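Chemist: need coordinates for the following:
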Amino acid sequence: MLPVKKLSRAKTRSRRSHHALRPVNYSLCSKCSSAKLPHAACGQCGYHNSSITLKLAEEAES
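Modeler: Alright, predicted model coming up:
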C-alpha cells in the first residue's frame with residue numbers, strides 16, 4: 001500500500017528531530033587528569049574514588 005499524499009520535508013524532519021546524537025559528557029580523572037566517563041573507573045589508572053581502585057593488567061605484545 002502506498003501513501004495517499006507525499007509528506008513534506010518539514011513534517012519528516014520535525015518527526016526525526018529527536019534522532020540527533022547528543023555529545024558525550026566527559027569528566028577529568030582526579031588522579032591522572034585524563035578524560036573519563038562520569039561515575040566510571042578511569043581507563044588509564046583505574047581510579048574511581050578513594051575506596052575503590054582497580055588494578056589494570058598490562059597488555060602483552062606477541
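Chemist: can we go C-alpha only for contacts and neighbour counts from here?
Modeler: Will do.
Chemist: pick out the residue closest to the middle of the protein.
Modeler: In the chain, the centroid-proximal residue (C-alpha atoms, centre = their mean) is residue 24; its distance is 4.4 Å.
Chemist: for that one, give its distance to residue 14.
Modeler: Residue 24 sits 23 Å away from residue 14 when distances are taken as C-alpha to C-alpha, to the nearest Å.
Chemist: low pLDDT regions in the protein?
Modeler: Residues of the chain that meet the criterion pLDDT under 70 lie in 51-54, 56, 62.
Chemist: ok, 50 please
Modeler: For the chain, no stretch has pLDDT under 50.
Chemist: can you give me the strands for it?
Modeler: Assigned by DSSP state E, the chain shows strands spanning 27-28, 35-36, 47-49, 52-53.
Chemist: show me what contacts residue 1?
Modeler: Applying C-alpha atoms under 8 Å, 6 or more residues apart in numbering, we find residue 1 in contact with no residue.
Chemist: next one: residue 60
Modeler: No residues are in contact with residue 60 under the rule C-alpha under 8 Å, 6+ apart.
Chemist: before we move on, back to that, most packed of the strands of the chain?
Modeler: Among the strands of the chain, strand 47-49 has the highest mean neighbour count (mean count of other C-alpha atoms under 10 Å), at a mean of 17.
Chemist: tell me how far that one lies from the chain's centre.
Modeler: 19 Å (C-alpha atoms, centre = their mean, to the nearest Å).
Chemist: name the strands paired with it and say parallel or antiparallel.
Modeler: In the sheet containing strand 47-49, its partner strands are strand 52-53 (antiparallel), by DSSP bridges.
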